[in-house]
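Q: Next come a sequence and a model predicted from it.
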Amino acid sequence: MKKVLKYILISVLLFGNIPSASAQFGKQKRADALYNSFSFVKAIDVYKEMLANNYNADYAKRRLADCYSMLRDPENAAVYYQDVVKQEKVDPEYYLNYAMALRALKKYDESKVWINKYKETGVVDSRIQKIAEDENFITNIYQIKQQYFSKPVPFNSELSDFGATEKNNLITFASSRDKGVGIKRTYSWNRQPFLELFQLTRNGDSFSEAQKLKGDVNTRFHEGQVSFSKDGKTLYFTRNNYTDNKKGKDAQGTSNLKIYRATVDNDNKWTNIKELPFNNANYSVGHPSLSSDGKTLYFASDMPGGFGKSDLYKVSVDGDSYGTPVNLGNKINTEGNELFPFVHNDGNLFFSSDGLLGLGQLDIFTTVLNDEGNIQDIINLGVPVNSNMDDFSFFLNDSGETGFIASNREGGMGDDDIYGFDRIPLFAIKGTVTDAINKMPIQDAKIVIKDKDGNQIADLVTDAKGKYSINVDRETTYTIEASHPKYMPEPSKIGDTRNSKGKTFIIVDFELDPVQDVDLLAGVNIENIYFDFDKSNIRPDAAVELNKVADLMLITYPTMAIEIESHTDSRGSFKYNEALSIRRANSTHDYLISRGVDPKRIKKFEGFGEYNLVNDCKDGADCSEAAHQLNRRSIFKVLKMQ
């Protein structure tokens, strides 16, 4: 599991570690040494020699499958996984690995077979549960209304390029393009040069030639994924554990990732490199993203105590001081890898994951926030942002209209490539439905949306806060209607989404008048009150309901007028029951007056004896005590709300 994590953090996302290989005797020992030092390209050659000589062939196939998986080559990985899953007593993890390789090849039906086999082993894995629960995901993801429109950029190389961000028309990104002279150092994982940070200038649709970032940021080892402060004077970046020309390693000889900070001088050189205090030599910390107010830094790490292989965290920032990292929780983090967080100035967090439900390998997701700024939902950005391969390092400019991603999808120029995109944000009609008298929100009000031709295109209901929201097309007009059984209908309103450039929503609110002359008290859940047999005193349970009525009349509807009707069961004479019901009406009336209700607002309080039974418990009927109880009641009738 640790090796898989290192691969994700290092190779795919170029989240790289520095291996140290040692010569070993014997072909398998040599191959394993190369594998364990992340030299997968070389290891493949040796494992293939073992296979050709039929030496420990099952083991060699497992290693070959894993090597190709580490190199993000699902096509070759699937070839070997296909044989591996047929081996006796094979680790069930290979079922999952094969299933994910097949998803990356868009073989979703075949993938499902091996996902089910993995599930049958009894493993509890939220990734599998998500796939099993949403069988229509692939179909639905292609039907999502498109708001991102991909476009090529002219500054990719034949090697790896990713992590593009833009600040003041300067685009900064990581690349393994080798522009140096003399000895060209390569990274044994994939035999590419080490990553460095580059920068170029945008002028409209034109771009200058990319140059290495000026200053002390770039070293002999990997640098990647950056984030700038709002004023552009501070840079956070990812680098291997390398400070003051010294390479740091963990106990296994691996140089993990750390986050560093740099500041720019008057010559536009990045200097004053400082390591952040929550780094650790024993695990990786990287992929920084600073919030627009500069108070929170988001990052990815495989530190102990997480939910999966790599989790997302946040830490408070106060000048040169940093708080304690906080895991973002299992709503975002899974058993898999969550990487490359990016927090936009609107507060939404974008990130890559292979543990949430996606199209193949890493997909890009975003959070949906509620009114309090808490995560309400997580959604897949769909195509063309995502593909069946790895999609990561999302960036969106401040206006939310343009940005970059990186991907190793088919058709690119190199290994990982940068892609630009234009974004047309979804447009929403939203609003609140409230009570016209007390201004309280109305839950479950029905909202009907019709297009300009009068055709109904949607209906929905308001939430507990009386709110509704629905995404619609721009540059047209809609008719919006609001209704509720306890309220008078209000004339429909026009929602005009024309001339909406630069906007993401319009607000259409409604205020509904309560219905007059209703038998139920509008807006609250008021029950009838009940009496004991042959009694007219107010029971404790009845007092609870009467307190609600009093609060409704005193606070919520200060001009409301009501009538009280009291009843009995059928036992006893008609005359006796009529008198008993009057006493019950009087008790009900007097209780409300004792709570401060103006007597003038109780227009009537009458007793009806046994004349209005709610069931068939007439004289002589064989009814239970519970059935008789339903008839011993006082009910309320609303006469006026305003």
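A: Sure, I can see it. Residues are numbered from 1 along each chain as shown.

Q: Let me know the secondary structure of residue 232.
A: Recorded secondary structure, residue 232: coil (DSSP: H, G, I helix; E, B strand; the rest coil).

Q: Now the phi/psi pair for the closest residue to residue 285 other than its chain neighbours, please.
A: Distances taken as CB to CB, 6 or more residues apart in numbering place residue 301 nearest to residue 285, at 4.6 Å, with adjacent residues excluded. C-beta here means a position set from N, CA and C on the backbone, and glycine is covered the same way. When read as degrees, to the nearest 10, the backbone of residue 301 gives phi -160, psi 150.

Q: State the pLDDT value of residue 301.
A: Here the pLDDT value assigned to residue 301 is 94.

Q: For it, list each beta-bridge partner.
A: In this structure, residue 301 bridges to residue 285, residue 311 when assessed by DSSP bridges.

Q: how many other residues sit next to it?
A: Applying other CB atoms under 10 Å, we find 26 residues neighbouring residue 301.

Q: And the helices in the stretch 451-600 of the chain, which stretches?
A: In the stretch 451-600 of the chain, the segments counted as helices under DSSP state H, counting those that start in this stretch are 540-551, 574-594.

Q: Over to the chain?
A: Using DSSP state H, the helices of the chain run over residues 2-7, 27-36, 40-52, 57-70, 74-84, 93-104, 108-120, 126-133, 137-141, 540-551, 574-594, 625-629.

Q: Rebuild the ones you listed as CSV, extending it with distance to residue 202.
A: Output for these, formatted as CSV (distance: least, CB to CB, whole Å):
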stretch, distance to residue 202
helix 2-7, 33
helix 27-36, 42
helix 40-52, 35
helix 57-70, 35
helix 74-84, 34
helix 93-104, 33
helix 108-120, 38
helix 126-133, 38
helix 137-141, 31
helix 540-551, 62
helix 574-594, 72
helix 625-629, 78
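
Q: Can you tell me which of those helices is packed in deepest?
A: For the helices of the chain, the largest average neighbour count (mean count of other CB atoms under 10 Å) is found in helix 93-104, namely a mean of 24.

Q: can you tell me how far residue 404 sits from residue 105?
A: In this view, residue 404 and residue 105 are 26 Å apart by CB to CB, to the nearest Å.

Q: okay, the two: which has more neighbours?
A: Using other CB under 10 Å, the more surrounded residue of residue 404 and residue 105 is residue 404, with 21 against 17.

Q: Could you give the number of residues near the residue nearest to that one when sequence neighbours are not counted?
A: Once flanking residues are discounted, residue 404 sits nearest to residue 164: 3.9 Å by CB to CB, 6+ apart. Neighbourhood size, residue 164 [other CB under 10 Å]: 26.

Q: check contacts around residue 164.
A: By CB atoms under 8 Å, 6 or more residues apart in numbering, residue 164 lies in contact with 153, 171, 172, 173, 393, 395, 404, 406, 418.

Q: Is it correct that the fourth one is in contact with residue 162?
A: Put plainly, it is residue 173. Yes - here residue 173 reaches residue 162: they are 6.8 Å apart, a contact under CB atoms under 8 Å.

Q: Could you name every residue contacting both of those two?
A: With CB under 8 Å, 6+ apart as the test, residue 173 and residue 162 both reach residue 418.

Q: wait, isn't residue 539 in contact with residue 532?
A: Yes - when contacts are counted by CB under 8 Å, residue 539 is listed as touching residue 532 (6.6 Å).

Q: which residues does the nearest residue to residue 578 once chain neighbours are set aside contact?
A: Using CB to CB, 6+ apart and skipping the chain neighbours, the partner closest in space to residue 578 is residue 609 (3.7 Å). Contacts of residue 609 were listed using CB under 8 Å, 6+ apart, and they are 567, 568, 574, 577, 578, 580, 581.

Q: Now render the residues you listed as a markdown table, adding pLDDT and distance to residue 64.
A: Shown next, in a markdown table, are those (pLDDT from 0 to 100; distance: CB to CB, whole Å):
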| residue | pLDDT | distance to residue 64 |
| --- | --- | --- |
| 567 | 93 | 83 |
| 568 | 93 | 87 |
| 574 | 89 | 94 |
| 577 | 91 | 90 |
| 578 | 92 | 94 |
| 580 | 92 | 90 |
| 581 | 92 | 88 |
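
Q: And the furthest pair within these?
A: Farthest-apart pair in these is 567 and 574; separation 12.6 Å (CB to CB).

Q: Can you work out which residues contact both of the two?
A: Common contacts of residue 567 and residue 574, defined by CB under 8 Å, 6+ apart, comprise 609, 610.

Q: shouldn't residue 413 be in contact with residue 154?
A: No - between residue 413 and residue 154 there is no contact, the gap being 9.8 Å when judged by CB under 8 Å.

Q: So those two - more neighbours on which side?
A: Set residue 413 next to residue 154 and count neighbours by other CB under 10 Å: residue 413 wins out with 15 against 10.

Q: which one is that one nearest to, not counting chain neighbours?
A: Leaving aside its sequence neighbours, residue 413 sits nearest to residue 156 (CB to CB, 6+ apart; 4.4 Å).

Q: give the contact list for the one you found.
A: 412, 413, 414, 417, 418.

Q: quick one: low-confidence parts of the stretch 401-550 of the chain?
A: Along the stretch 401-550 of the chain, the model assigns pLDDT under 70 to residues 500-502, 516-526.

Q: Put the alpha carbons of stretch 96-115 into PDB.
A: Output in PDB follows, covering the C-alpha atoms of stretch 96-115 (Å, rounded to 0.1, in the frame of the first residue of the first chain):
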ATOM      1  CA  LEU A  96      -9.600  -3.900  -7.600                       C
ATOM      2  CA  ASN A  97      -6.400  -3.000  -9.500                       C
ATOM      3  CA  TYR A  98      -7.600  -4.900 -12.600                       C
ATOM      4  CA  ALA A  99     -11.100  -3.300 -12.300                       C
ATOM      5  CA  MET A 100      -9.600   0.200 -12.200                       C
ATOM      6  CA  ALA A 101      -7.300  -0.500 -15.100                       C
ATOM      7  CA  LEU A 102     -10.300  -1.600 -17.100                       C
ATOM      8  CA  ARG A 103     -12.200   1.600 -16.200                       C
ATOM      9  CA  ALA A 104      -9.300   3.600 -17.500                       C
ATOM     10  CA  LEU A 105      -9.700   1.700 -20.800                       C
ATOM     11  CA  LYS A 106     -13.400   2.600 -20.800                       C
ATOM     12  CA  LYS A 107     -14.300  -1.100 -20.400                       C
ATOM     13  CA  TYR A 108     -16.900  -0.300 -17.700                       C
ATOM     14  CA  ASP A 109     -18.900  -3.500 -18.000                       C
ATOM     15  CA  GLU A 110     -15.800  -5.700 -17.600                       C
ATOM     16  CA  SER A 111     -14.600  -3.500 -14.800                       C
ATOM     17  CA  LYS A 112     -17.900  -4.100 -12.900                       C
ATOM     18  CA  VAL A 113     -17.300  -7.900 -13.000                       C
ATOM     19  CA  TRP A 114     -14.000  -7.500 -11.000                       C
ATOM     20  CA  ILE A 115     -15.400  -4.800  -8.700                       C
END
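
Q: So what touches that stretch?
A: In this structure, residues lying in contact with stretch 96-115 by CB under 8 Å, 6+ apart are 65-66, 69, 74-75, 77-78, 81-82, 84-85, 95, 118, 125, 127-128, 131-132, 135, 138, 354, 359-361, 388-389.

Q: so residue 294 sits right up against residue 317, yeah?
A: Yes - with contact defined as CB under 8 Å, residue 294 and residue 317 form a contacting pair (6.2 Å).

Q: Compare the two (neighbour count), which wins?
A: Between residue 294 and residue 317, residue 317 has the larger neighbour count (other CB under 10 Å), namely 20 against 14.

Q: Pull the contacting residues for the more buried one.
A: The contact partners of residue 317, taken as CB under 8 Å, 6+ apart, are 290, 294, 295, 296, 297, 323.

Q: What does the pLDDT read for the third one?
A: According to the per-residue confidence, residue 295 scores 94 in pLDDT.
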